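Chemist: Build me a structure from this.
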Amino acid sequence: MPQMGGSIREEMEVALHEHRFLVTKLLESLNTASLPPSTITATRLRTVNETFNKVLEKDRDLLAAVKKLARHQVAQKELLRIEAEIENKKQKVVQYAAQLRRSQEDIANVLRKHRVVLQNAKQKPKGK
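Modeler: Modelled structure (predicted):
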């Protein structure tokens, strides 16, 4: 199958259209070959044979495109699953960061209160 720059779907559509065209051409050749024996020539028989071989080749190309599409769909599902997993982990990291920030603020508040208590304790006269 010729390599194209398009999508897998486009490749499949091209292969399918080529296959249909060749099958139609083969049927026309077979119809011509079924004419009375006096009109059948070696060229006509060769044309039927060549067209039949092209149909078989395109059939293989089409099968390869279908298999490629199936692999692509499996890979796409896996990619979507991984992207969802990454997004979930990002959310967990964001939540953890927010929790960490709150914990740091709580620690800073406790330290501030502790300093105030220490300063107040130093300022109180001893031995009342």
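
Chemist: tell me which element the most centrally placed residue in the chain falls in.
Modeler: Nearest to the mean C-alpha position of the chain, by CA atoms, centre = their mean, lies residue 76 at 2.7 Å. Per DSSP states H and E: residue 76 is located in helix 42-123.

Chemist: Counting neighbours, what do you get for the nearest residue to residue 48 once chain neighbours are set aside?
Modeler: Nearest residue to residue 48 in three dimensions, chain neighbours excluded: residue 29, at 4.3 Å (CB to CB, 6 or more residues apart in numbering). (Each C-beta comes from the backbone N, C-alpha and C, glycine too.) Using other CB atoms under 10 Å, residue 29 is surrounded by 19 other residues.

Chemist: Okay, now the unreliable bits of this structure?
Modeler: By pLDDT under 70, the low-scoring segments of the chain are 1-6, 35, 38-40, 126-128.

Chemist: can you do 50?
Modeler: 1-4 (pLDDT under 50).

Chemist: about what we covered before: so the residue nearest to residue 48 is in which element?
Modeler: In this assignment (DSSP H and E), residue 29 forms part of helix 8-33.
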